[in-house]
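>>> sequence-free structure coming up:
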């Protein structure tokens, strides 16, 4: 939360600078006459449109050919199967823990859940924390549901791009498998965007897609 708040505060600096510059230009235009106002107004509309188009887009995810970050160490050869879960929805479906343990071969399962804070750059520039709060809610509910099912689980909010979130998770968690979770009707388009397929080319460990029930 501290890092997120710091980024928001830093991103406010260019906004203040731009507003200050616009104010100065408007002052000069006012002294120059009505045609200067018209010119400045049109230029401002074009600039505003360009900024909105640019900063409402998500960060592009890393390319498949970009080397994936190595985990700090190989998964330990013990009786624990470690799964990195990337999910931007609450995974409280009773069937989800069973699906998560499908490849554990009877071993106990430990999960790190990463909830991407899905949001636009414009929202981050304006300090809108609603996406972060939604991600935290999904994270808390998912970790609680897994713990109730007997799965050791921890969690954290992550980058808005699911592949970047997976990169960050793999740096700290030596997972045997990466699981991307989607839910119909929630706007998660990771499959359509090719995120899952790119991840399968990118990582040395198995990558699984779980589609939760829409209900």
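Alright, I've got the coordinates. Since this is a predicted model, take the numbers as computed values, not measurements.

>>> Please make it C-alpha for all contacts and neighbour counts, starting now.
Fine.

>>> any chance you could map the helices in this structure?
Using DSSP state H, the helices of the chain run over residues 2-32, 34-55, 96-100, 121-125, 130-148, 162-172, 195-202.

>>> which stretch in these is the model least sure about?
Across these, helix 121-125 has the smallest mean pLDDT, namely a mean of 45.

>>> quick one, what contacts the residue nearest to residue 141 when sequence neighbours are not counted?
Closest residue to residue 141 apart from its sequence neighbours, by CA to CA, 6 or more residues apart in numbering: residue 90 at 5.8 Å. By CA atoms under 8 Å, 6 or more residues apart in numbering, residue 90 lies in contact with 137, 138, 139, 141, 142.

>>> And residue 90, how close does it get to residue 213?
11 Å (CA to CA, to the nearest Å).

>>> Same question for residue 175.
If you measure residue 175 against residue 213 using CA to CA, the figure is 25 Å.

>>> what do you get for residue 104?
Counting by CA to CA, the gap from residue 104 to residue 213 is 22 Å.

>>> more neighbours, the two?
residue 104 (19 against 13; other CA atoms under 10 Å).

>>> Need the pLDDT of the more buried one.
On the pLDDT scale, residue 104 is placed at 93.

>>> now do the one 10 residues further on
In this model, residue 114 is scored at 94, pLDDT.

>>> Give the bridge partners for it, please.
Beta-bridge partners for residue 114, by DSSP bridges, are residue 86, residue 156.

>>> That one is in contact with residue 161, isn't it?
No. At 11.2 Å, residue 114 does not count as touching residue 161 under the criterion of CA atoms under 8 Å.

>>> Which one's more surrounded, these two?
Applying other CA under 10 Å to residue 114 and residue 161 shows that residue 114 carries more neighbours, namely 29 against 20.

>>> The more buried one and residue 213, how far apart?
According to CA to CA, residue 114 stands 20 Å off from residue 213.

>>> ok, now residue 160?
The gap separating residue 160 from residue 213 is 23 Å, by CA to CA.

>>> ok, now residue 135?
Applying CA to CA, the value for residue 135 to residue 213 is 19 Å.

>>> Could I get the pLDDT score of residue 89?
85.

>>> For it, give me the backbone phi and psi.
Note on residue 89: backbone dihedrals following degrees, to the nearest 10 are phi -130, psi 160.

>>> okay, now it: neighbour count?
A count of nearby residues for residue 89, using other CA under 10 Å, gives 21.

>>> how far away is the spatially closest residue to it that is not a sequence neighbour from residue 145?
Once flanking residues are discounted, residue 89 sits nearest to residue 138: 5.4 Å by CA to CA, 6+ apart. From residue 138 across to residue 145, the span is 11 Å (CA to CA).

>>> More neighbours: the two, which one.
The neighbour comparison of residue 138 against residue 145 (other CA under 10 Å) goes to residue 138, with 23 against 20.

>>> pretty sure that one is in contact with residue 91, am I right?
Yes. Using CA under 8 Å, residue 138 is in contact with residue 91, at 7.5 Å.
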